[in-house]
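[1] compute the structure for the input listed below.
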Amino acid sequence: MYKTTVNIKLLIIYKNKGNNMKITKILVALSFLFAVSTANAGELSVTGSMQATYQSEVDRTTGNPLGMDRELTFSGSTELDNGMTVSVMQDSSDTLTFGDSLITFGNVGGLVDIYIGSDGSPMDAIDDITPSAFEEANGAGSGSYNDIGDAAGDTGIGFKFSVPVLGAVNYKYVPKMDGAENTEKAASGDTNAAVGSMYEVSIKTALGDLPFVGSYLDGATLTTGFAEHDHSTVANVDDAFDVTAALTYSTGPFSFGVQKKVHNEGESATDATTDAIFYKDTIIGVAYAINDDLSISYNTYESQRHNSDAANLRQESTAISLGYAIGGMTIGFQDASTDNKSWATGADDTRTVSVKVAF
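    Alright, predicted model coming up:
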């Protein structure tokens, strides 16, 4: 869409002389400030959602079971004369204050998208991508787990591009993982001098596109990711890191996924001789779409902690979920059960009902 602006200015001056009220001079100055500009007008949209839940804590005191969540996102986009696109995003927190933001320059050189901001990260996006009808096995508060993707809330610069055969690559780099979200023309200074930089990368490969064997693997996707975090600038302290691999497959109404994760917290900044605490997780999800609106899933999440100073029982969560969509509204239900909560003896069972409306 092109916008044309025309400014026209009309100036009329009347000058009167004496008591005769005779108009001795009429000056009509007609000046045309004819400014014509052609610019590709952008678009701005507002989207959001409201969610109400009823949560039953079977093994804990429930208290008030009602909860709410609200999200509001502003997004805009435009196209430049050189074929590049520019899009911006600003979301809000539960209190509707400004949250994360992102600006993306698309199709740079016809090859890559470049983004700058604090919304999301390559690893955060693939923390658990096994199929589910409503929530992950631990998504409704059953059990204690460690997410991957620490760069999700920090301002960094990222690149998205595609490589033949390998697939879609997403890379993000944060110069200083100090948690500061700077305004324009500002730097975080010495907000947290004890930490360094971080980078994350994920690769999504459609196995059906592989040469020779692709015809046998149609519907299957391999997603891998790696992150390294300089969580301590103390000398001789090993960095924290995350690594994951997920294999997902879908055909017709059926979908399946299995994912492996390793979350290593790095060595302690106060005692570099102490072994780092790390976790090995296995996630499995099976989902079936009964029809276009109703789906059901079974999900499991197992986590093995390795900590020389604590109990290391295997934490296991299982969940059955239902999801029913009615236009812009989704009704979800999950019954989840966890053994050895927090990698120690104990159970943690939850039942959750959710009503979410998107607009």
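
[2] how many other residues sit next to the closest residue to residue 154 other than its chain neighbours?
    In this structure, residue 154 finds its nearest non-sequential neighbour in residue 174, 4.7 Å apart by CB to CB, 6 or more residues apart in numbering. C-beta coordinates here come from the backbone N, C-alpha and C atoms, glycine included. Neighbourhood size, residue 174 [other CB atoms under 10 Å]: 24.

[3] just the pLDDT for residue 174.
    Residue 174 is assigned a pLDDT of 96 by the prediction.

[4] what's the distance between it and residue 184?
    Plainly put, residue 174 is 18 Å away from residue 184 if you go by CB to CB, to the nearest Å.

[5] and residue 197, what does it touch?
    Residues near residue 197 by CB atoms under 8 Å, 6 or more residues apart in numbering: 173-177, 230.

[6] list phi and psi for it.
    Per-residue torsions, residue 197: phi -90, psi 180 (degrees, to the nearest 10).

[7] quick one: least confident helix or strand in the chain?
    When each helix and strand of the chain is scored by mean pLDDT, DSSP states H and E, strand 22-33 comes last, with a mean of 34.

[8] tell me the helix or strand right after it.
    For strand 22-33, the following helix or strand on the C-terminal side (DSSP states H and E) is strand 43-57.

[9] list the contacts of the following helix or strand past that following strand.
    Later in the chain than strand 43-57, the nearest helix or strand by DSSP H and E is strand 66-79. With CB under 8 Å, 6+ apart as the test, strand 66-79 has contacts from 40-55, 85-92, 94, 96.

[10] how about 6 Å then?
    40, 42-53, 85-92 (CB atoms under 6 Å, 6 or more residues apart in numbering).

[11] now do the SS call for residue 151.
    helix (DSSP: H, G, I helix; E, B strand; the rest coil).

[12] who's in contact with it?
    Going by CB under 6 Å, 6+ apart, residue 151 touches 121, 172, 174, 198, 200.

[13] kindly report the same for residue 91.
    Contacts for residue 91 (CB under 6 Å, 6+ apart) come out as 73, 99-100.

[14] got phi/psi on it?
    Torsion angles, degrees, to the nearest 10, at residue 91: phi -110, psi 180.

[15] export the contacts of residue 91 to JSON lines and append columns for pLDDT.
    Converted to JSON lines, the contacts of residue 91 look like this (pLDDT from 0 to 100):
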{"residue": "73", "pLDDT": "93"}
{"residue": "99", "pLDDT": "85"}
{"residue": "100", "pLDDT": "88"}
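
[16] are any of these buried, and if so which?
    73, 99-100 (16 or more other CB atoms under 10 Å).

[17] the strand or helix carrying residue 354 to strand 66-79, inter-axis angle?
    Assigned by DSSP H and E, residue 354 belongs to strand 347-358. Taking axes from the mean of the first three to the mean of the last three CA atoms, to 10 degrees, one finds strand 347-358 and strand 66-79 inclined to each other by 50 degrees.

[18] pull up the pairing partners for strand 347-358, direction included.
    Here strand 347-358 has these sheet partners by DSSP bridges: strand 43-57 (antiparallel), strand 329-339 (antiparallel).

[19] could I get the CA-only coordinates of that strand as PDB?
    Backbone C-alpha positions of strand 347-358 (Å, rounded to 0.1, in the frame of the first residue of the first chain) are rendered in PDB as follows:
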ATOM      1  CA  ALA A 347       4.400 -37.800  45.200                       C
ATOM      2  CA  ASP A 348       2.900 -34.800  43.500                       C
ATOM      3  CA  ASP A 349      -0.400 -35.300  41.700                       C
ATOM      4  CA  THR A 350      -2.400 -32.500  40.000                       C
ATOM      5  CA  ARG A 351      -5.700 -32.200  38.100                       C
ATOM      6  CA  THR A 352      -6.200 -29.200  35.900                       C
ATOM      7  CA  VAL A 353      -9.100 -27.800  34.000                       C
ATOM      8  CA  SER A 354      -8.500 -24.800  31.600                       C
ATOM      9  CA  VAL A 355     -10.600 -22.500  29.500                       C
ATOM     10  CA  LYS A 356      -8.600 -20.300  27.200                       C
ATOM     11  CA  VAL A 357      -9.900 -17.800  24.700                       C
ATOM     12  CA  ALA A 358      -7.700 -16.200  22.000                       C
END
